[in-house]
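> Need coordinates for the following:
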Amino acid sequence: MLFGVDQNHDRRRRTRTHLIVAAALVLAAWSWSSPSAVRAAVQSSAALTGIVRDGGNRQLISGARVVVTSGPDAGLFAISDERGVFAFPKLTAGVIDLEGTKDGYVSTRIQNLALEADSAIDVPLTKSMTD
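Numbering: from 1, shown residues only. A predicted model of the protein is given here:
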């Protein structure tokens, strides 16, 4: 009977060893995966804030409309406040285009803006020559 107990003990020890090795392999594979893939899984959205300014005298512009014109969030817009500040609290991470507009100003396009983490930008608008 003592021999039978030893066989069961050995079998359990081997099973436990196999489980430990399998867990170690899974952890190793996870830790060696692409850092950008891990980052993308964790950071799938980003906030974008900015200030709309007059491109000539750098004065703040309130009431300007900033629109996402490309990417998964195309069509979303924000209006700059009295300090010229606008905010998109949650955009899909990736590459986007923006357009800033306000009556009396020439619209400005910002292209290929890479959003990987929370970002801040200036949107310069130039006074229209027709006004």
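
> C-alpha from now on. contacts and neighbour counts both.
Will do.

> can you give me the helices for this protein?
Counting by DSSP state H, the chain has these helices, from start to end: 2-31, 35-42.

> Could you identify which of the ones you listed has the lowest mean pLDDT?
If these are sorted by mean pLDDT, helix 35-42 sits at the bottom with a mean of 48.

> for this protein, what spans make up the strands?
For the chain, the strands defined by DSSP state E occupy 45-54, 65-68, 77-79, 85-92, 94-101, 105-106, 108-115, 119-127.

> okay, these, which one's buried deepest?
Stretch with highest mean neighbour count among these: strand 65-68 (a mean of 21; mean count of other CA atoms under 10 Å).

> Give me the mean pLDDT for that strand.
98.

> And for stretch 113-127?
Across stretch 113-127, the per-residue pLDDT values average to 94.

> How about stretch 46-61?
Across stretch 46-61, the average pLDDT comes to 96.

> Between the two ends of stretch 111-121, what distance do you get?
Using CA to CA, to the nearest Å, the end-to-end distance of stretch 111-121 comes out at 12 Å.

> what's the answer for stretch 70-83, then?
The separation between the terminal residues of stretch 70-83, taken as CA to CA, is 26 Å.

> Please identify the buried residues of that stretch?
Of the residues in stretch 70-83, those buried by neighbour count under the rule 16 or more other CA atoms under 10 Å are S70, G71, F77, A78, I79, S80, D81.
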